[in-house]
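Novice: need the 3D shape of this:
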Amino acid sequence: MKSTDEAKVTAALILKNGEVFAAKGFGAQKITAGQIVVNNVIFGYQGVLTDPMYAGKIITFSFPHIGNAGINNQDGKDTKINAAGLILRNLPTESSNWRAEKEFPSWLLENNVTGLACIDTRRLGKKINEAKGGLYGIIAYDENGLDFPSLQKQAAEIQEPDSLS
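Specialist: Here you go, the predicted structure:
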């Protein structure tokens with residue numbers, strides 16, 4: 001990304017190596033650091049986000065239409081979102097499922113979780129698969145703009161867990 005474009009960007013993924021993916025944000029406006037993982041579900045995104053197995057992880061969904069079924073009280077594995085954040089190809093659309101009790105972006109906001117969209121999730125998935133020991137980074141969303149030098153410094157300082165031997 002060119003520095004002249006940075007002033008217009010309100011959401012981004014910043015990898016530990018400093019690489020920046022401009023995005024559109026939704027949900028909570030905040031900065032979240034963690035390991036970025038990929039999930040290939042077509043249905044069941046609510047169950048994935050509430051699954052304790054994903055606690056503290058930033059989930060990249062490879063399926064492009066996450067959120068279009070909305071949220072209901074029956075499909076979660078827990079009563080709260082356990083994932084630290086999520087990355088999507090497309091912005092969520094208004095829910096179209098008769099079972100929906102609330103909209104996906106408002107559910108994220110209620111749970112203080114940030115979502116990023118308009119990122120090439122195939123490219124990101126490839127980076128995740130190639131990363132030795134995992135891919136780490138920061139997702140950031142602030143409608144007032146982002147401080148890229150500060151975010152890149154924070155991303156570079158992410159502590160990766162020791163690998164198991």
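
Novice: what residues does whichever strand or helix holds I128 touch?
Specialist: In this assignment (DSSP states H and E), I128 forms part of helix 121-130. Helix 121-130 is contacted by residues 13, 15, 21, 36-38, 60-62, 64, 87-89, 134-135 when judged by Cβ atoms under 8 Å, 6 or more residues apart in numbering. To be clear about C-beta, it is placed using only N, CA and C from the backbone, and glycine gets the same treatment.

Novice: try it again at 6 Å.
Specialist: With contacts defined as Cβ atoms under 6 Å, 6 or more residues apart in numbering, helix 121-130 is touched by V38, T60, S62, R89, L135.

Novice: so how many other residues sit close to the closest residue in space to P105 that isn't next to it in sequence?
Specialist: Leaving aside its sequence neighbours, P105 sits nearest to F26 (Cβ to Cβ, 6 or more residues apart in numbering; 4.5 Å). Neighbour count of F26, defined by other Cβ atoms under 10 Å: 23.

Novice: ok, F26 to V38 distance?
Specialist: Using Cβ to Cβ, to the nearest Å, F26 is found at 19 Å from V38.

Novice: ranges for the strands of this structure?
Specialist: 11-15, 20-27, 31-39, 58-61, 85-87, 114-117, 135-141 (DSSP state E).

Novice: and stretch 104-122, what's buried?
Specialist: Residues of stretch 104-122 classed as buried by neighbour count (16 or more other Cβ atoms under 10 Å): 104-105, 107-109, 111, 113-119, 121.

Novice: how far does it sit from the chain's center?
Specialist: 6 Å (Cα atoms, centre = their mean, to the nearest Å).

Novice: CA atoms of it as CSV?
Specialist: C-alpha atoms of stretch 104-122 as CSV (Å, rounded to 0.1, in the frame of the first residue of the first chain):
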residue,chain,number,x,y,z
PHE,A,104,-24.2,-10.5,11.9
PRO,A,105,-22.4,-7.1,12.2
SER,A,106,-24.5,-6.0,15.2
TRP,A,107,-23.7,-9.4,16.9
LEU,A,108,-20.0,-8.8,16.4
LEU,A,109,-20.4,-5.3,17.8
GLU,A,110,-22.3,-6.6,20.9
ASN,A,111,-19.5,-9.0,21.5
ASN,A,112,-16.7,-6.4,21.0
VAL,A,113,-15.3,-8.4,18.0
THR,A,114,-13.7,-6.8,14.9
GLY,A,115,-14.4,-8.0,11.4
LEU,A,116,-12.5,-7.1,8.2
ALA,A,117,-13.8,-7.6,4.7
CYS,A,118,-12.6,-7.0,1.1
ILE,A,119,-9.4,-9.0,1.6
ASP,A,120,-8.2,-11.6,-0.9
THR,A,121,-8.8,-14.6,1.4
ARG,A,122,-7.4,-17.0,-1.1
